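J.: prediction below, plus the sequence it came from.
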Amino acid sequence: QVQLIESGGGAVQTGGSLILSCEASGDTSSSRVMAWFRQAPGEERDFVAAIRGSSGNRYYGDFVQGRFYISRDSAKNIVYLQMNNLKPEDTAVYYCAADTVYSFRVENYAYWGQGTQVTVSS
């Protein structure tokens, strides 16, 4: 079992920045890949970014367009999502996810955090 605790959400204006954090605990061998997804009201949960623990390879959703950066402190089992130049359409609940193999699909992640709200006002 892996427990994921997100933090760092909040409200910002257009063009602002936020850093989300997700700390993993428990069986961290099952969290070799850590990812961020987001879900706006009435929408599906979408892939934002992922990072592999072994290689450090990073993956991003198409909409990111260089605005977000995912990083990982493997010693502390924490993954970060630096979000810059935020737009109102980035407003959503952001979820941390973990599993052993990389995927951009929601259904391929076994472990999820409770989510943290990000609100971007115009």
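T.: Cool, the structure landed. These figures come from a predicted structure and were not determined experimentally.

J.: hey, what's the residue nearest the centre of the chain bridged with?
T.: When C-alpha atoms, centre = their mean is applied to the chain, the residue found nearest the centroid is residue 36 (2.1 Å). Taking DSSP bridges, one finds residue 49, residue 96 as the beta-bridge partners of residue 36.

J.: where's it relative to residue 122, distance?
T.: According to C-beta to C-beta, to the nearest Å, residue 36 stands 23 Å off from residue 122. Quick note: C-beta positions are derived from backbone N, CA and C, even for glycine.

J.: now do residue 49
T.: According to C-beta to C-beta, residue 49 and residue 122 sit 24 Å apart.

J.: more neighbours, those two?
T.: Each of residue 49 and residue 122 has its neighbours counted (other C-beta atoms under 10 Å); residue 49 has more, 23 against 7.

J.: so what's the residue nearest to the centre of the chain up against?
T.: For residue 36, the contact set (C-beta atoms under 8 Å, 6 or more residues apart in numbering) comprises 20, 22, 48-50, 70, 79, 81, 94-97.

J.: recalculate using a threshold of 6 Å.
T.: 48-49, 81, 94 (C-beta atoms under 6 Å, 6 or more residues apart in numbering).

J.: what's the answer for residue 33, then?
T.: Residues in contact with residue 33 (C-beta under 6 Å, 6+ apart) are 50, 52, 99, 102.

J.: span of stretch 6-23 from start to end?
T.: Using C-alpha to C-alpha, to the nearest Å, the end-to-end distance of stretch 6-23 comes to 7 Å.

J.: so how far is it off the chain centroid?
T.: From the chain centre to the centre of stretch 6-23 is a distance of 11 Å (C-alpha atoms, centre = their mean, to the nearest Å).

J.: same deal with stretch 27-41?
T.: Relative to the centre of its chain, stretch 27-41 is centred 6 Å away, using C-alpha atoms, centre = their mean.
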